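following is a predicted model, sequence given first.
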Amino acid sequence: MTATIEIRDVVKRFGKVEAVRRVSFVLAEGETVALVGHNGAGKSTLMKLMLGLIRPTAGSVWVLGEDPAAGEFAARRRLGYLPENVAFNAALTGRETLAFYARLKREGRTAVAPLLDRVGLGPAADRRVGTYSKGMRQRLGLAQALLGEPRILLLDEPTTGLDPALRQVFYEIVEELRGRGTTVLLSSHALTELEERAGRVVIMNRGVMAADGTLDALRRIARLPTRIRLTAETGVHDLADRLWTDCPCRRVDGRVVEIEAAPGRKMDILRGVMAAGTAVEDIEVVPPTLDQLYAHFLRSQGTAP
Amino acid sequence: MSNVLTVARKEVQEGLRNCWVLATTLLLAALALTLAFLGSAPTGNVGVRALDVVVVSLSSLTIFLLPLIALLISHDAIVGEMERGTMLLLLSYPVGRRQVLLGKFLGHLAILGFATLVGYGAAAVALALSGTPVEAGSWTAFASMIGSSILLGASFVAIGYLLSALARERGTAAGTAVGIWLVFVLIYDMALLGVLAVDQGQTLAGGLLDALLLLNPTDAYRLFNLGGTGDVGAFSGMSGLTRTAALSPPALLAALAAWTLLPLGLAALVFDRREL
């Protein structure tokens, strides 16, 4: 796969604040990557570095084979960006705004109307942007990012504050672009926002890269326990104490017990429950959630391979 | 170049939409028309040199008004767009910062130029239509007043950009703009006058005085129009001031041009270094 973005040992300091500390990763064509971290973790700074809006204090950034801060604009023509809290001039209409950005990307006027329809702004195209709701502004923001068949899409917290319907449209568009080989980098402050859409996750914590890998790989590394919740009329506690002395158990109430099964122990425990023959009425298996996974990496601060 | 024109076109579009163009044009036209007809009162019905009187009164008014309008349009151009977040998106496009600045400048200049030309032109047309005979020399003086007014506006647009590029917040830019306006339009001349009165021409004379007059774009504009050729100079009572070579019309225009290009260049340098 061809690399589209290369970040190597990048450090960015704003005065005394180190916003990004020695971060390195490579993004390839056709990848959808989630950049996850709290506010101030360095997500937006990384995106601005990729856009060439700011220069790294140390290290190097390459986007489509170019240094984005060098003042050459060939790469930017093939790059779409949706900033966090996207803003437009309130006086112009949606169509005029998009036409302006299309001209800057050397796109014909013909590209404007289909894009507005695609994000569902067709009927509101000739209203002033000042009258738009937040969701509509976000739609317009997405439309401008899609101008010019981008090979790279940088989307800074794109789904925060979006209604579920638009979120769906949004992920459909991202999926379609990915199919055509576009690199999509989505940032978010929580893993759950992304609904497992991203193939790969980069977790940032206070400027440092805490993890980089697919969700499955991260789950394997984190070794978070799966919770198994058993409900039975009687004897459920005895069962848990007798069979799985090595797993932490928690009594929820008289009838329910929760076992934290380490990875690899889950089937073992389930088989044990079946074999014991006790009147277990219900079994609930809860795999570690994305939030737990995220919290784990923020705590451990270890870098995954 | 195409990027510059695209940005300029958007500025004009915005100016038309939020009524800046309309408001400025109407304001200038109203003032010019008022002065054209009130201003001809002192000369009575003879009114041979009605347009010359208009040039004198209108250029005195321009000194106060155009810098103010220019600063109002321009002080927000960079810091305002940064605060609203529109600059971040714009600069992520394949467009250079200098192209953005130059585009804005051309757009704002077009707005200001249109308002001045139409607003002041309306007064001249009204005078001509009312049957007042106007000499060819007066037309020239009037035309060069409109041209230099636009140049004066351009220099204050450029000064506004410099403030806007330097300011951290919109409020700071607005406050500084008011200060700059006060200094150039009122305080500078008063201070110069005070110093002249105290000095009694001992040290402050000749070349130094000329230089001090060129160091203020509004003074350069005033001398260019009021000290001008023929009757205008006689009406304004400033004909005696402009006989030196340093303050010849080309030199005064050059000073105004420098007052445009220098702040614009500095604004570009500051804007280039600014991090978003």
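Sure, I can see it. Everything numeric here is computed off the predicted structure, so don't read it as measured data.

give me the mean pLDDT for stretch B:103-115.
In this model, stretch B:103-115 has an average pLDDT of 95.

meant to ask about stretch A:48-67
Mean predicted confidence for stretch A:48-67 is 90.

before we move on, what about stretch B:260-267?
For stretch B:260-267, the mean pLDDT works out to 95.

what's it in contact with?
Applying CB atoms under 8 Å, 6 or more residues apart in numbering or on different chains, the contact partners of stretch B:260-267 are B:78, B:101, B:105, B:151, B:154-155, B:157-159, B:161-162, B:164-165. C-betas here are computed from N, CA, C, even on glycine.

among the residues you listed, which lie within strands?
Counting by DSSP state E, the contacts of stretch B:260-267 place none of their members in strands.

okay, those residues in TSV with distance to residue B:114 next?
Putting these into TSV (distance: CB to CB, whole Å) gives the following:
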residue	distance to residue B:114
B:78	23
B:101	20
B:105	15
B:151	15
B:154	13
B:155	18
B:157	14
B:158	18
B:159	21
B:161	19
B:162	24
B:164	22
B:165	25
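
and chain A, which of the residues you listed contact it?
Applying CB under 8 Å from any CB of the partner chain, the subset of the contacts of stretch B:260-267 adjacent to chain A is empty.

now residue B:148: closest residue in space, sequence neighbours ignored.
Of all residues not flanking residue B:148 in the chain, residue B:224 sits nearest, at 5.3 Å (CB to CB, 6 or more residues apart in numbering or on different chains).

what of residue A:86?
Spatial nearest neighbour of residue A:86, chain neighbours left out: residue A:141 (3.5 Å); criterion: CB to CB, 6+ apart.

which of the helices or strands spans the one you found?
helix A:134-145 (DSSP states H and E).

hmm, who's touching that helix?
Residues outside helix A:134-145 that contact it (CB under 8 Å, 6+ apart) are A:80-83, A:86-88, A:94, A:97-98, A:101, A:115-116, A:118-121, A:124, A:129, A:132, A:153-155, A:158, A:161-163, A:166, A:170, A:173, B:89.

now, which of these lie within strands?
Among these, DSSP E puts A:80-82, A:153-155 in strands.

show me how to select, in PyMOL, the buried members of the residues you listed.
Selecting only the buried entries of the ones in strands among the contacts of helix A:134-145 in PyMOL, with 16 or more other CB atoms under 10 Å in any protein chain shown as the criterion:
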select buried, chain A and resi 80+81+82+153+154+155
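
of the ones in strands among the contacts of helix A:134-145, which are in range of chain B?
Within the set of those, contact with chain B (CB under 8 Å from any CB) is found for residue A:81.

what are the phi and psi values for the closest residue in space to residue A:12 that isn't next to it in sequence?
Excluding the flanking residues, the one nearest residue A:12 by CB to CB, 6+ apart is residue A:20, at 4.2 Å. Main-chain dihedrals, residue A:20, degrees, to the nearest 10: phi -130, psi 130.

again with residue B:215
The phi and psi values for residue B:215, taken as degrees, to the nearest 10, are phi -80, psi 0.

and if you look at residue A:19?
Phi and psi for residue A:19, reported as degrees, to the nearest 10, are phi -80, psi -30.

which ones are touching residue B:185?
Contacts for residue B:185 were tallied using CB under 8 Å, 6+ apart; they are B:63-64, B:67-68, B:218.

export those residues to TSV and tack on pLDDT?
Output for these, formatted as TSV (pLDDT from 0 to 100):
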residue	pLDDT
B:63	91
B:64	91
B:67	94
B:68	94
B:218	92
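
which of the residues you listed fall in helices?
Of the contacts of residue B:185, the ones assigned to helices by DSSP state H are B:63-64, B:67-68, B:218.

closest to residue B:120 among these?
Distance ranking of the ones in helices among the contacts of residue B:185 against residue B:120, using CB to CB, places residue B:63 first at 13.8 Å.

pretty sure that closest one sits against residue B:224.
No - Residue B:63 is beyond contact range of residue B:224, at 11.1 Å (criterion: CB atoms under 8 Å).

pick out whichever of these two has more residues nearby.
Per other CB atoms under 10 Å in any protein chain shown, whichever of residue B:63 and residue B:224 has more neighbours is residue B:224, with 26 against 22.

hang on, that one is in a strand, isn't it?
No - under the criterion used here (DSSP: H, G, I helix; E, B strand; the rest coil), residue B:224 is helix, not part of a strand.

which residues are contacting the longest helix seen in chain A?
The longest helix of chain A (DSSP H) is helix A:164-179. Here helix A:164-179 makes contact (CB under 8 Å, 6+ apart) with A:30-32, A:118-120, A:135, A:138-139, A:142, A:146, A:150, A:153, A:155, A:158-159, A:162, A:184, A:186, A:195, A:197.

would you mind giving me the ChimeraX syntax to select the buried ones in these?
Selecting only the buried entries of the contacts of helix A:164-179 in ChimeraX, with 16+ other CB under 10 Å as the criterion:
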select /A:30,31,32,118,119,120,138,139,142,146,150,153,155,158,159,162,184,186,197
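
interface residues of the stretch 1-150 of chain A facing chain B?
So the stretch 1-150 of chain A meets chain B at A:14, A:48, A:51, A:53-54, A:71, A:73-74, A:76-77, A:79, A:81, A:83, A:85-89, A:91-92, A:96, A:100-101, A:103-106, A:128, A:141, A:144 (CB under 8 Å from any CB).

where does the stretch 1-150 of chain B come near chain A, residue by residue?
Counting by CB under 8 Å from any CB, the residues of the stretch 1-150 of chain B near chain A are B:2-3, B:6, B:10, B:13-14, B:17-18, B:84-86, B:88-96.

hang on, the earlier thing: which among the residues of the stretch 1-150 of chain A next to chain B count as buried?
A:48, A:51, A:53-54, A:73, A:76-77, A:79, A:81, A:83, A:86-89, A:91-92, A:96, A:100-101, A:103-105, A:128, A:141, A:144.

so of the residues you listed, which ones are in helices?
Mapping those onto helices (DSSP H) picks out A:48, A:51, A:96, A:100-101, A:103-104, A:141, A:144.

greatest separation within the residues you listed: which pair is it?
Greatest spatial distance among those (CB to CB): A:48 and A:96, at 26.6 Å.

for the closest residue to chain A within the stretch 101-250 of chain B, list the residues it contacts.
Nearest residue of the stretch 101-250 of chain B to chain A (CB to the nearest CB) works out as residue B:103 at 10.2 Å. Contacts here follow CB under 8 Å, 6+ apart; on that basis residue B:103 touches B:3-8, B:10-11.

can I get those in CSV with neighbour count?
Formatted as CSV, the contacts of residue B:103 follow (neighbours: other CB atoms under 10 Å in any protein chain shown):
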residue, neighbour count
B:3, 20
B:4, 20
B:5, 15
B:6, 19
B:7, 24
B:8, 21
B:10, 23
B:11, 22
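
helix or strand with the lowest mean pLDDT in chain A?
Counting by mean pLDDT, DSSP states H and E, the weakest-scoring helix or strand in chain A turns out to be helix A:236-243, with a mean of 69.
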